[in-house]
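Visitor: Next comes the sequence, and after it the predicted model I'd like to discuss.
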Amino acid sequence: MRKPMFFLILSIILIFYFLLNAYLFHRGYNALKETKILKKLFLIMFIFLILAYPLGRFFHLYFRSVIIEFLVIAGSFYLGMMVYFFIFIFIIDILRIINSFIPIFPSFLSLNPAKTTQISFYTVWCIVIAITFVSHINALFPRIRSMEIEIEKPGGELEGLNIAAVTDIHLGTVILNSRLRYIVDKINSLSPDIILLPGDIVDEDVSSVMEQNMASILKRLKATFGVYAITGNHEYIGGVKEAVKYIRDGNITVLMDSTAKIANSFYLIGRKDLVAKSFGDSRNSLENILAHVDKSLPLILMDHQPFNLEEAETNGIDFQISGHTHHGQLFPFNFITKRVYEKSWGYLRKNSTQYYISCGVGTWGPPLRLGNRPEILNIKVLFAQKQSI
């Protein structure tokens, strides 16, 4: 991505971020009119929270320390809390406006507005803290999502295939070694024939991943036919060459607009992420990638972002795995992803092409999930049986 465009987008995001927090601060500070000590504590805490993430990310580019990592993690939690503070305060303000025209509040709320405002302040804080706690616990423990699909082509000598797949791990400052070990152990417990990692393995620049020696944990992944990955948008954001090299150091084959014929029985196709061109790379068409592929064999495609799903159907792909959407990650953003993508999460079939769009196993930004559970996919593929002569 060109630097002027990057800085323009970053500036817009920061302006929106600080304007939103100005609104939240104004509403919270005014709710504590009669408590000067609490107002001072609120001011100090609020300044810390809104600056933690941007400052932590900025300094993280130049050096590492426990303090910097604490800023990033604290700021990440606040990003999620900020969403719910805004939702509840905005709803309260809308109700207040309606009440000024049509009285809808009971009299005991209207008799002492200052007291009601304070109670609302503490109630919102309690609700948001509860939501944060529940959604963090939810994010920590992915479930195994098992499914079975049939591909109407013979798979060489294979009658079927046991696939384990995880998208959007987002390794880095927030998703640490302990989480990765847990995910790796869960995957290995499935005794997979092949392991697929369809993008966003690395969350940011790979240096934080290298410092934690995460490749040594990735090397523990075990599958009969190996471990295969593709790039997601975050590999490009953090530096795709370094990310791909490090992933390969974890004994993982990274497919970059390329194919692999597995066990002489099926083809695995891996595409570069859709943002490749924005970062000075190229992205080949699926038609060109498949030019020398024997389409009588099953074709399994990894493509990180689930856009233009008809392209897989047009080119005879039997099964596509994608991720990227997180299904919004935090309710109610799932309503947005449902509008943006043909399928935000789950199974889809378009004629003879089948798709699964995963909500992912990790988190981006806030280490929180609400409205969906992180998942490790266990996909049992059944191939058609060869016709006897």
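Guide: Structure received. Numbering: from 1, shown residues only.

Visitor: pull the helix or strand with minimum mean pLDDT from the protein.
Guide: helix 107-110 (a mean of 74; mean pLDDT, DSSP states H and E).

Visitor: What helices and strands are in contact with that one?
Guide: Contact partners of helix 107-110 among helices and strands, from 3 or more Cβ pairs under 8 Å, 6 or more residues apart in numbering; DSSP states H and E: none. Any C-beta I mention is one placed from the backbone N, CA and C, and that applies to glycine too.

Visitor: And whichever helix or strand comes after that helix, what's buried?
Guide: Sequence-wise, the next helix or strand downstream of helix 107-110 (DSSP states H and E) is helix 113-140. Applying a neighbour-count criterion of 16 or more other Cβ atoms under 10 Å, one finds Thr117, Gln118, Ser120, Phe121, Val124, Val128, Ile131, Thr132, Ser135, His136, Asn138, Ala139 buried in helix 113-140.

Visitor: wait, which of those residues is closest to Ile252?
Guide: Proximity of those to Ile252 (Cβ to Cβ) peaks at Ala139, which lies at 23.8 Å.

Visitor: What residue, apart from its backbone neighbours, is nearest the closest one spatially?
Guide: In this structure, Ala139 finds its nearest non-sequential neighbour in Arg369, 4.2 Å apart by Cβ to Cβ, 6 or more residues apart in numbering.

Visitor: can you check Leu55 too?
Guide: In space, Leu55 is closest to Leu71, 5.9 Å off (Cβ to Cβ, 6+ apart).

Visitor: What is the three-state secondary structure of that neighbour?
Guide: At Leu71 the chain is in helix, as set by DSSP: H, G, I helix; E, B strand; the rest coil.

Visitor: My guess is it contacts Phe58. True?
Guide: No - between Leu71 and Phe58 there is no contact under Cβ atoms under 8 Å: 9.6 Å.

Visitor: between the two, who's got more neighbours?
Guide: Leu71 (23 against 11; other Cβ atoms under 10 Å).

Visitor: Show me what the strand or helix carrying Leu382 is packed up against.
Guide: Leu382 is part of strand 375-384, with elements assigned from DSSP H and E. Using 3+ Cβ pairs under 8 Å, 6+ apart as the contact test, the elements touching strand 375-384 are strand 143-154, strand 160-165, helix 177-188, strand 319-322.

Visitor: Not counting the third one itself, show me its contacts.
Guide: For helix 177-188, the external contacting residues (Cβ atoms under 8 Å, 6 or more residues apart in numbering) are 140, 142, 144, 164, 166, 169, 171, 195, 212-214, 217-218, 220-222, 361-362, 376.

Visitor: repeat for the shortest one
Guide: Contact with strand 319-322 is made by 149, 151, 165, 167, 196, 198, 298-306, 309, 312, 353-358, 377, 379, 381, as judged by Cβ under 8 Å, 6+ apart.

Visitor: Okay, now the sheet partners of that strand, with direction.
Guide: Under the criterion DSSP bridges, strand 319-322 sits next to strand 299-302 (parallel), strand 353-357 (parallel) in its sheet.
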